[in-house]
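*Asks:* give me a model of this one.
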Amino acid sequence: MTTASDPDEELRVLIQKVARRIRAERGGDGITDTQLGVLWQLETHGRTSPGVLAERERVSPPSMNRTLNALEAAGVVRREPSETDARQVWVSLTPAGDDLIAETRRLRTAWFHRQLDALEPDERAALEAVRPVLRKLADS
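*Replies:* So this is what the prediction gives:
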């Protein structure tokens with residue numbers, strides 16, 4: 001079905017386009033969406049294991065290991081052995097990783113505010129009216 005004949009599909013595509021446009025605003029050169037997702041996980045939840053990151057990102061442990069190798073080579077994460085279990089490794093953000101997250105957040109916020117500021121008052125009011133619905137969808 002095309003979006004022209006299915007308003008629900010059109011709405012999904014529009015939300016997806018806005019999300020994609022927001023994701024395009026990012027700090028760091030060469031950081032992929034997958035890598036940035038791992039950085040957000042670390043920023044949100046703090047130090048954790050590669051296995052937990054793989055579960056949260058819904059990828060295989062070998063795939064997560066490749067992602068962490070790239071992030072470590074970029075200097076934005078560090079892996080450290082556990083103090084209590086020689087088999088365990090902890091992953092955390094470096095200061096450069098914190099900076100990359102902060103810059104990405106700043107760029108995304110600035111872009112979004114520019115878009116909101118360009119709206120007419122009635123458009124802004126309509127957008128505010130759907131906030132509870134969008135929250136419900138996002139939390140589902």
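*Asks:* this structure: strands as residue ranges?
*Replies:* 77-81, 89-93 (DSSP state E).
*Asks:* export those to CSV and append columns for mean neighbour count and mean pLDDT.
*Replies:* Quick note: C-beta positions are derived from backbone N, CA and C, even for glycine. Below are the strands of the chain laid out as CSV (neighbours: other C-beta atoms under 10 Å; pLDDT from 0 to 100):
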stretch, mean neighbour count, mean pLDDT
strand 77-81, 15, 96
strand 89-93, 17, 97
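*Asks:* so which residue is dead centre in the chain?
*Replies:* Residue closest to the average C-alpha location in the chain (C-alpha atoms, centre = their mean): Gly37, at 4.5 Å.
*Asks:* rewinding a little: so can I have a markdown table of the strands of the chain showing distance to Ala129?
*Replies:* Output for the strands of the chain, formatted as a markdown table (distance: least, C-beta to C-beta, whole Å):
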| stretch | distance to Ala129 |
| --- | --- |
| strand 77-81 | 40 |
| strand 89-93 | 37 |
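*Asks:* what's the closest of these to Gly46?
*Replies:* If you check each of the strands of the chain against Gly46 by C-beta to C-beta, strand 89-93 wins as the nearest, at 7.1 Å.
*Asks:* any idea how far Ile101 is from Val77?
*Replies:* 11 Å (C-beta to C-beta, to the nearest Å).
*Asks:* now do the shared contacts for those two.
*Replies:* Taking C-beta atoms under 8 Å, 6 or more residues apart in numbering as the criterion, Val77 and Ile101 both touch Leu39, Leu93.
*Asks:* which residues of this structure fall in helices?
*Replies:* Ranges of helices in the chain, per DSSP state H, are 7-23, 33-45, 50-57, 61-73, 95-117, 121-129, 131-138.
*Asks:* output those as JSON lines; include the columns mean pLDDT and distance to Glu83.
*Replies:* Shown next, in JSON lines, are the helices of the chain (pLDDT from 0 to 100; distance: least, C-beta to C-beta, whole Å):
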{"stretch": "helix 7-23", "mean pLDDT": "93", "distance to Glu83": "36"}
{"stretch": "helix 33-45", "mean pLDDT": "96", "distance to Glu83": "19"}
{"stretch": "helix 50-57", "mean pLDDT": "96", "distance to Glu83": "17"}
{"stretch": "helix 61-73", "mean pLDDT": "97", "distance to Glu83": "20"}
{"stretch": "helix 95-117", "mean pLDDT": "96", "distance to Glu83": "21"}
{"stretch": "helix 121-129", "mean pLDDT": "96", "distance to Glu83": "49"}
{"stretch": "helix 131-138", "mean pLDDT": "94", "distance to Glu83": "38"}
